[in-house]
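> Structure, please.
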Amino acid sequence: MEIENGVVGLVDILSEHFDPTAVVAEPLPPVVTTNGNLIGKVAEDPNKREIVLGRNVHTTCLAVTEPDANDEFTGDKDAYMASVLARYRKTLMERTKHHLGYPYNLDFDYGALSQLQHFSINNLGDPFIESNYGVHSRQFEVGVLDWFARLWEIEKNEYWGYITNCGTEGNLHGILVGREVHPDGILYASKDTHYSIFKAARMYRMECVKVDTLMSGEIDCADFRAKLLANKDKPAIINVNIGTTVKGAVDDLDLVIKTLEECGFNHDRFYIHCDGALFGLMMPFVKLAPKVSFKKPIGSVSVSGHKFVGCPMPCGVQITRLEHINVLSNNVEYLASRDATIMGSRNGHAPIFLWYTLNRKGYKGFQKEVQKCLRNAHYLKDRLRDAGISAMLNELSSTVVFERPQDEEFVRRWQLACQGNIAHVVVMPSVNVDKLDDFLNELVEKRSTWYKDGKVQPPCIAADVGSENCVCGRHK
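Predicted coordinates for the structure are as follows:
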């Protein structure tokens, strides 16, 4: 491809070999050691498995080039861009077909909202106080917040919240409120907690204590008790996981509260943030599941909007007690509103997408989808075990944990999330039995190749899932 004065010639771009409908193949990424050096392959010692990072996108990025002087007459640039987008759309369709490892509901249709894409909708400032910028969607945002307030049992005049740009922003806000309420507090989080909580601790320069977990991934309240007693002189800020990232474990909120009380922490000496990224929206619709409720002494709850609900852009919901938000908020004359959010400008389209889906599905619709996900998760776990593959499924969870596939190309094809010797599939509303069967059949076929000569054995994952869930040669 020739480049003249930094501009790629359109003749080269639109060569006869360019196929606008082709699916771009993704090369296998290099393996990177913990010190950042590249190596040729995954370490053979399962206890020293190296981290596989994704490819360097600079090798496949789409350059931004200047239009030719006569382009408005020839239309070559428009034709080129249309071809690129057509190819990209086909790639997205293929990638969506083989998506299993991350908690995103890809089954949605927002065609009715396309009429709003011509507007720059921005909810900058406090969602409950209009700003001078008139192109906003606060009326949708507050309607969505009221829906979640009812779900988590807090009155309209007692809560404050907003629609965030992602789940991490909800966690950053929840921990920030806790820090402002207890400036000298210690942050406690289990080792299986999402990395955004530890990011918050670094950003806010907070003392952070990691708490051990049970085999399920749930917080170990015996270890929590010991660490609380070692720091009785300082308030406690606790992150409670309503579904951990890798194993989908739900921390026992009631036991966490009981442990705090038994260690001498009154309700005014602790702050609990509940990270409900995925399962925070699923648990209310599971029979006999413990409640996440503001009737208990919690400070905030956050969930992701693009996960179980399904949304074309990342977003989330953060709700806290109104009494806490005053420590964060400032009036901003420039906005004619109040500033209490992490971000300034906020996506005004996201509340409309959430409002649209909540209205279409309602509580009963979500309950049906939760039941479907849990049923299909049990189906996947049972089929894996029937095929002689180690697997675990926590109660209240749709995250199926199993032995990590040996082939990183297979991992990338199905977009599996991996950690050490385990991988997982998160069964979402968009994942049906047919997709699970395709995945299982391909996995079984691949394993017959990986382990056919007996020289390489499936990994033992008893340390990750317990011996009762491991069917390696030692634990069969």
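
> drop to CA atoms for contacts and neighbour counts, all remaining ones
Fine.

> residues contacting the closest residue to residue 463 other than its chain neighbours?
Closest residue to residue 463 apart from its sequence neighbours, by CA to CA, 6 or more residues apart in numbering: residue 215 at 7.9 Å. Listed by CA atoms under 8 Å, 6 or more residues apart in numbering, the contact set of residue 215 reads 463, 464, 465, 466.

> now swap in residue 393 and tell me
Counting by CA under 8 Å, 6+ apart, residue 393 has contacts 247, 377, 378, 381, 399, 400, 401.

> Looking at the residues you listed, which are in helices?
377, 378, 381 (DSSP state H).

> and after the lowest-mean-pLDDT helix or strand in the chain, which helix or strand comes next?
Lowest on mean pLDDT, DSSP states H and E among the helices and strands of the chain sits strand 38-39, with a mean of 39. The first helix or strand that comes after strand 38-39 along the chain, using DSSP states H and E, is strand 51-52.

> average pLDDT for the helix or strand following that following strand?
For strand 51-52, the succeeding helix or strand toward the C-terminus, using DSSP H and E, is helix 71-74. If you average the pLDDT over helix 71-74, you get 78.

> Only the buried residues of helix 71-74, if you could.
For helix 71-74, burial by neighbour count (16 or more other CA atoms under 10 Å) applies to no residue.

> Equivalent analysis for stretch 139-156, please.
By neighbour count with 16+ other CA under 10 Å, stretch 139-156 contains the buried residues 140-149, 151-154.

> Which among the contacts of residue 393 count as buried?
247, 377, 378, 381, 399, 400, 401.

> quick one: terminal-to-terminal distance for stretch 121-128?
Start-to-end span of stretch 121-128 (CA to CA, to the nearest Å) is 16 Å.

> So what touches it?
Where contact means CA under 8 Å, 6+ apart, the residues beyond stretch 121-128 that reach it are 131, 133, 135-138, 141-142, 161-162, 335, 337-341, 344-349.

> which of the residues you listed count as buried?
Buried residues within those, counting neighbours by 16+ other CA under 10 Å: 131, 136-138, 141-142, 161-162, 335, 337-341, 346-349.

> so of those residues, which ones are in helices?
Those of these mapping onto helices are 138, 141, 142, 349, per DSSP H.

> Residue 50: neighbouring residues, count only.
18 (other CA atoms under 10 Å).

> What separation do you get for it and residue 201?
Counting by CA to CA - residue 50 and residue 201 are separated by 26 Å.

> now, the most widely separated pair of the contacts of residue 393?
Spatial extent of the contacts of residue 393 (CA to CA) is set by the pair 247 and 378 at 14.2 Å.

> For residue 154, which non-adjacent residue is closest in space?
Once flanking residues are discounted, residue 154 sits nearest to residue 294: 5.7 Å by CA to CA, 6+ apart.

> Hmm, I typed the wrong one, I wanted residue 413.
Residue 413 sits nearest to residue 98 (CA to CA, 6+ apart), 6.6 Å away.

> Could you list which residues are in contact with the residue lying closest to residue 180 once chain neighbours are set aside?
Leaving aside its chain neighbours, residue 180 sits nearest to residue 327 (6.4 Å; criterion: CA to CA, 6+ apart). By CA under 8 Å, 6+ apart, residue 327 lies in contact with 177, 180, 181.

> how many neighbours does the last one have?
Put plainly, it is residue 181. 23.

> Relative to residue 194, how far out is it?
Relative to residue 194, residue 181 is positioned 22 Å away (criterion: CA to CA).

> Which residue ranges of the stretch 351-476 of the chain form helices?
In the stretch 351-476 of the chain, the segments counted as helices under DSSP state H, counting those that start in this stretch are 408-413, 433-450, 462-465.

> Now render the buried ones among the contacts of residue 393 as JSON lines, adding distance to residue 357 and pLDDT.
Listed next are the buried ones among the contacts of residue 393 as JSON lines, based on distance: CA to CA, whole Å; pLDDT from 0 to 100:
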{"residue": "247", "distance to residue 357": "27", "pLDDT": "96"}
{"residue": "377", "distance to residue 357": "23", "pLDDT": "97"}
{"residue": "378", "distance to residue 357": "26", "pLDDT": "97"}
{"residue": "381", "distance to residue 357": "30", "pLDDT": "98"}
{"residue": "399", "distance to residue 357": "23", "pLDDT": "97"}
{"residue": "400", "distance to residue 357": "26", "pLDDT": "98"}
{"residue": "401", "distance to residue 357": "29", "pLDDT": "98"}
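
> which one of those residues sits closest to residue 257?
Nearest to residue 257 among those is residue 247, at 22.5 Å by CA to CA.
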